[in-house]
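> this is a predicted model, with the sequence first.
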Amino acid sequence: MAADGADSWTRAAAGIDVSFKPYEQHGVVANFATERPHREVACQWFRDDGVLAYLPLPGNLISIVWSTPADHAAELLALSPELFCDRVADAGGRRLGALSLVTPPAGFPLRLMRAPRMVAPRLALIGDAAHAIHPLSGHGINLGYQDARVLAETLMALPAHIDCGDLNWLRRFERARKEEVVALQSVTDGLQRLFSLPGQPFSLLRNAGLNFTHRLPVVKDLLVRYAMG
Ligand SMILES: Cc1cc2nc3c(=O)[nH]c(=O)nc-3n(C[C@H](O)[C@H](O)[C@H](O)COP(=O)(O)OP(=O)(O)OC[C@H]3O[C@@H](n4cnc5c(N)ncnc54)[C@H](O)[C@@H]3O)c2cc1C
């Protein structure tokens with residue numbers, strides 16, 4: 001089982017060629033202590049300079065992901081800790097008051113990675129070794145957890161006379177995961193493109209879409225339940 005990330009050595013050794021689509025954005029991440037409690041609420045702002053997410057951690061701590069063009073990411077990472085805290089607090093409308101850094105910020109290039117296969121003889125790929133998506137959906141890790149759950153279920157159902165690395169048996173795992181992986185990759189990629197379009201008409205369209213979803217309890221409930229697994 002390979003869980004060695006988007007640049008998986010194991011996947012390459014098995015001869016599974018993947019396609020990468022760079023987003024020309026970097027994800028700037030850091031952890032902060034907050035002045036005001038976050039009340040376990042995650043927030044996301046779709047800004048002209050990218051997508052900023054505040055993600056609650058235990059206590060008065062949050063992690064942030066700011067997906068932003070590479071030059072803006074470089075500018076953020078070059079700021080002093082004090083200025084960086086101010087910039088992130090301002091970008092989030094000071095929702096949680098002042099922020100203080102707990103871990104130094106880091107930036108990662110963002111990319112979509114599609115693999116044609118999740119299995120090979122005696123090998124199953126899970127997590128980012130099998131798929132990587134833009135973080136704006138906040139679902140990268142969930143996809144990996146679901147891979148692990150479905151692979152475990154597939155192997156638990158293995159009859160005693162079949163080898164656990166049997167390719168035909170492992171294909172059951174691949175078939176069970178394919179639909180969700182492809183769907184989430186496509187939706188996340190589409191949203192990334194929609195939220196990258198500059199100009200007021202697109203901004204109005206995006207806001208209308210979000211408000212529309214917000215007012216439809218059935219759709220909203222479905223999305224929330226999906227997000228919570
Ligand atoms: C900027 C950014 C922000 C993100 N934000 C979110 C978010 O808010 N929510 C979310 O759900 N997802 C997010 N993601 C995606 C999430 O981080 C990944 O989906 C998740 O980390 C994948 O987990 P993984 O264990 O499959 O791979 P990784 O986290 O990449 O872990 C792979 C591990 O394998 C190890 N490894 C690699 N090669 C070897 C080897 N040869 N031998 C031994 N060990 C090896 C590595 O050191 C690493 O520890 C984000 C991603 C990025 C880049």
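Good, I have the coordinates.
> residue 107 reaches residue 73, doesn't it?
Yes: contact criterion CB atoms under 8 Å: residue 107 and residue 73 qualify, at 4.7 Å. (C-beta placed from N, C-alpha, C; glycine too.)
> comparing the two, which residue is more hemmed in?
More neighbours surround residue 73 than the other of residue 107 and residue 73, with 23 against 18 (other CB atoms under 10 Å).
> distance of the more buried one relative to residue 106?
In this view, residue 73 and residue 106 are 10 Å apart by CB to CB, to the nearest Å.
> ok, residue 222 next?
For residue 222 relative to residue 106 (CB to CB), the value is 34 Å.
> need the phi and psi values for the closest residue to residue 32 other than its chain neighbours.
Setting aside the residues directly before and after it, residue 32 is nearest to residue 99 in space (CB to CB, 6 or more residues apart in numbering), at 4.2 Å. Note on residue 99: its backbone torsions stand at phi -120, psi 140 [degrees, to the nearest 10].
> what touches both of residue 107 and residue 73?
26-28 (CB atoms under 8 Å, 6 or more residues apart in numbering).
> find residues that contact each of residue 73 and residue 106.
residue 28.
> tell me the strands beside the biggest strand by length in the chain, with direction?
Longest strand in the chain, counting residues (DSSP state E): strand 19-34. Strand 19-34 has these partner strands in its sheet, going by DSSP bridges: strand 61-69 (antiparallel), strand 99-101 (antiparallel), strand 106-114 (antiparallel).
> most tightly surrounded among these?
Comparing the strands paired with strand 19-34 by mean neighbour count (mean count of other CB atoms under 10 Å), strand 61-69 comes out on top with a mean of 21.
> average pLDDT for the following helix or strand past it, rounded please.
Per DSSP states H and E, the first helix or strand lying C-terminal to strand 61-69 is helix 70-77. Average pLDDT, helix 70-77: 97.
> who's in contact with helix 70-77?
24-28, 49-50, 66, 68, 84, 87, 105-107, 109.
> again with stretch 215-228
138-139, 142, 213-214.
> and the nearest residue to residue 5 once chain neighbours are set aside, backbone torsions?
Leaving aside its sequence neighbours, residue 5 sits nearest to residue 128 (CB to CB, 6+ apart; 4.9 Å). Dihedral pair for residue 128: phi -60, psi -20, per degrees, to the nearest 10.
> shouldn't residue 128 be in contact with residue 6?
Yes: with contact defined as CB under 8 Å, residue 128 counts as touching residue 6 (4.3 Å).
> overlap of the contact sets of those two?
Contacts common to residue 128 and residue 6, judged by CB under 8 Å, 6+ apart, are residue 113.
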